[in-house]
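*Asks:* for reference, the sequence and a predicted model appear below.
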Amino acid sequence: MIREIHAKLNPLGYARSIGVTIGKNVYFYGMPSGMFGTEPWLIKIGDNVHITSGCTFVTHDGGTLILRKEVADLEWTAPISIGNDVYIGIKSLIMPGVNIGNRVIVGAGSIVTHDIPDNSVAVGVPARVIKSVDEYLVQMKKKSLKCGHLNGLEKEVVLKKIFGITSKASILK
């Protein structure tokens, strides 16, 4: 219970307290309490990283447990490294031994089983690179609603106007 409260009140402090190495300007969207598995000290997160809710980092292969009656010392555990300027979409799974490069976007629901190179957008199960971040930026510039610089309440007003929403209800107030 105390762990959950700590994770909710101070997600970065919680992650650091269990051994995750965290750079500057790292953001957790959702609680990180179950995110890092049993070897959180094997996880390194760079600068300017956004990790959304439901993401999980797995640093070991639990399948070896059923084979230990045949090979008593069987174990596979490996570190995970996340570079700088990375966005990891909701409910993504990062597997043991994976290195995610710099300036990478991992799409929602992806299962990352292999390294992702710098400047890549990777999606799917298993995740694969589908384009560069440069190509993604060109696409997003064309679609942009031009309100990303606004604070939460200001953005809400603009988005409601764009989409014709007249409701006064807000979770941001």
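*Replies:* Nice, I can see it. Small disclaimer: the values here were computed from a predicted structure and weren't measured. Numbering: from 1, shown residues only.

*Asks:* C-terminal to the helix or strand of the chain with the lowest mean pLDDT, what's the next element?
*Replies:* When each helix and strand of the chain is scored by mean pLDDT, DSSP states H and E, helix 2-9 comes last, with a mean of 68. Later in the chain than helix 2-9, the nearest helix or strand by DSSP states H and E is helix 11-17.

*Asks:* any buried residues in that next one, and which?
*Replies:* 11, 14-15 (16 or more other C-beta atoms under 10 Å). In this view, the C-beta of every residue, glycine as well, is placed from N, C-alpha and C.

*Asks:* list the helices and strands that helix packs on?
*Replies:* helix 2-9, strand 21-22, strand 26-28 (3 or more C-beta pairs under 8 Å, 6 or more residues apart in numbering; DSSP states H and E).

*Asks:* thinking again about what came up before, Serialize the buried residues of helix 11-17 to a markdown table and add fields for distance to I165 and pLDDT.
*Replies:* As requested, the buried residues of helix 11-17 are arranged in a markdown table below (distance: C-beta to C-beta, whole Å; pLDDT from 0 to 100):
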| residue | distance to I165 | pLDDT |
| --- | --- | --- |
| P11 | 30 | 85 |
| Y14 | 35 | 88 |
| A15 | 35 | 91 |
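
*Asks:* list just the nearest of those to P79.
*Replies:* In terms of C-beta to C-beta, no member of the buried residues of helix 11-17 lies closer to P79 than A15, at 15.2 Å.

*Asks:* assumed K44 was part of a strand.
*Replies:* Yes: counting by DSSP: H, G, I helix; E, B strand; the rest coil, K44 is located in a strand.

*Asks:* ok, it - contacts?
*Replies:* 20-21, 79-82 (C-beta atoms under 8 Å, 6 or more residues apart in numbering).

*Asks:* change it to 10 Å
*Replies:* By C-beta atoms under 10 Å, 6 or more residues apart in numbering, the residues touching K44 are 20-23, 79-83, 99.

*Asks:* buried set for stretch 28-45?
*Replies:* Buried residues in stretch 28-45 (16+ other C-beta under 10 Å): 28, 30-33, 35-37, 39-40, 42-43, 45.

*Asks:* what about it, start to end distance?
*Replies:* 12 Å (C-alpha to C-alpha, to the nearest Å).

*Asks:* for that stretch, what does the pLDDT average out to?
*Replies:* The average of the pLDDT scores along stretch 28-45 is 88.

*Asks:* good, wrapping up.
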